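only the shape, not the letters, is given here:
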């Protein structure tokens, strides 16, 4: 991330700390935009809501104090969409290593991590994982719909490129965004994980565009790995669920003759 209040450009990677200060336009015209999912288009629900909803699914009602403590412990142990765990128990190491390539490894890794936290709610680990698979377990960023719609109306093709081990298409359908996305390149389906150039090339192939005319938008160094595939890369700042993350500033790159939406 560049210094606060100033956009920086490293090679073809654009770092944008503030949406009000978008980067310079890329030299080549953009025909397609690839978007990361988690942290770019959507964020997981807050940890307290996560625990309360999962406990309710198990038939348990937790008071907020107990749920808050439990949420903190579960997040520290390792939550999908949360900070990486400080330690992965040896018996989960294989599942953890392949978590973004195979659905069963992803589930086993995260339910296993949750199970390391003592709780008297039977079935909680599985219920916590199930929150990942439903629309209510995620919060799309507020800039997502208008940004995707503007790109769609301009004829810019869009793909979601994600290191993930479950199908996010139903989430987009539930949010009314499925018609604004042309393809999904998901690591567990493609068999490659960002920053491997192959997953970006696969997404470009799905869209029928060259990497040199494609912009990758994400929030991590793995997303910036698209540069090695020949794409330009645009890195948005981290933002909490429901808060603007500057995503609409991508329009100044993909549609240089149009001002980005607020």
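Cool, got the structure. Just so you know, these numbers come straight off a predicted model, no measurement behind them.

where do the helices sit along the stretch 101-250 of the chain?
Ranges of helices in the stretch 101-250 of the chain, per DSSP state H, counting those that start in this stretch, are 103-115, 124-130, 144-153, 169-174, 187-190, 197-207, 221-224.

make TSV out of these and add mean neighbour count, mean pLDDT and distance to residue 251.
All C-beta spots, glycine's among them, are computed from the backbone N, C-alpha and C. Below are these laid out as TSV (neighbours: other C-beta atoms under 10 Å; pLDDT from 0 to 100; distance: least, C-beta to C-beta, whole Å):
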stretch	mean neighbour count	mean pLDDT	distance to residue 251
helix 103-115	20	98	33
helix 124-130	21	98	35
helix 144-153	18	96	6
helix 169-174	16	98	20
helix 187-190	20	98	27
helix 197-207	22	98	18
helix 221-224	20	94	18
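
quick check: longest helix of this structure.
Secondary structure of the chain per DSSP state H: the longest helix is helix 64-78.

list the helices and strands it packs on?
helix 47-57, helix 103-115 (3 or more C-beta pairs under 8 Å, 6 or more residues apart in numbering; DSSP states H and E).

same list, the ones you listed, but as CSV with distance to residue 192 please.
Below are the helices and strands packed on helix 64-78 laid out as CSV (distance: least, C-beta to C-beta, whole Å):
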stretch, distance to residue 192
helix 47-57, 29
helix 103-115, 15
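
looking at those, which is nearest to residue 80?
Shortest distance between residue 80 and these, using C-beta to C-beta, is found for helix 103-115: 4.9 Å.

the domain parsing of the protein - what is it?
8-41+141-254, 45-136 (automatic domain parsing).

deepest-packed of those, please.
domain 8-41+141-254 (a mean of 20; mean count of other C-beta atoms under 10 Å).

farthest residue from the center of this structure?
Distance from the C-alpha centroid of the chain, by C-alpha atoms, centre = their mean, peaks at residue 120 (31.5 Å).

could you measure from that residue over to residue 75?
19 Å (C-beta to C-beta, to the nearest Å).
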